[in-house]
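>>> sequence and predicted structure, then a few things I'm wondering about:
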Amino acid sequence: MNSNRLDDIRSQLETELECSAAEVGRLKAELAAAQKDHKAITDAVNALGRKPSSAPKKPSVKKVDMKKAIREQLRDQPSPCPVDELDAALRDHFTRKGCSLTGFALRLKEVLADDEIEQTEAGIALAAMPVGNG
């Protein structure tokens, strides 16, 4: 009879184990749903809590401004300025003016292709302007 009694206890425990496993599965699914809801609510709260940027958008560098800045940089140069030095000086100049450097490289490339600018192996210089074309 001991064997039957042990089998009954084992059977009862296995039934409880199955019920417990089903409950664990249900609770895990409920937890996953609650975590998903919690994340969505947290994201919504964070989105509503963000303050719009009070700082105005920085102006980008315009071609005319780049041309003027290059002229100023090169005007007093007795010899051509290396491209990397000119680039660094211009970046510093526009950063100090509060400009965004987005599009900076493109503006620089456009202006360096201009007839007013002379590019040599030694660097960048202002092209000699013909007399009478002030």
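In hand now; what should we look at? Just so you know, these numbers come straight off a predicted model, no measurement behind them.
>>> pull out the buried residues from stretch 63-72.
65-67, 69-70 (16 or more other Cβ atoms under 10 Å). (Each C-beta comes from the backbone N, C-alpha and C, glycine too.)
>>> centroid residue for this structure?
Nearest to the mean C-alpha position of the chain, by Cα atoms, centre = their mean, lies residue 102 at 11.7 Å.
>>> the buried residues of stretch 63-72 in helices, which ones?
Counting by DSSP state H, the buried residues of stretch 63-72 place 65-67, 69-70 in helices.
>>> in a helix, the residue nearest to the centre of the chain, correct?
No: with DSSP: H, G, I helix; E, B strand; the rest coil as the criterion, residue 102 is located in coil rather than a helix.
>>> show me this structure divided up by domain.
1-50, 63-126 (automatic domain parsing).
>>> tell me which of these lies nearest to residue 56.
The minimum distance between residue 56 and those falls on domain 63-126, with 9.5 Å, by Cβ to Cβ.
>>> can you tell me the distance between the two ends of that closest one?
End-to-end distance for domain 63-126: 16 Å, by Cα to Cα, to the nearest Å.
>>> circling back to that earlier point, kindly indicate which of the buried residues of stretch 63-72 lies nearest residue 93.
For those, the nearest to residue 93 is residue 69 (5.4 Å; Cβ to Cβ).
>>> now this protein, which segments are flagged as low pLDDT?
1, 51-54, 129-134 (pLDDT under 70).
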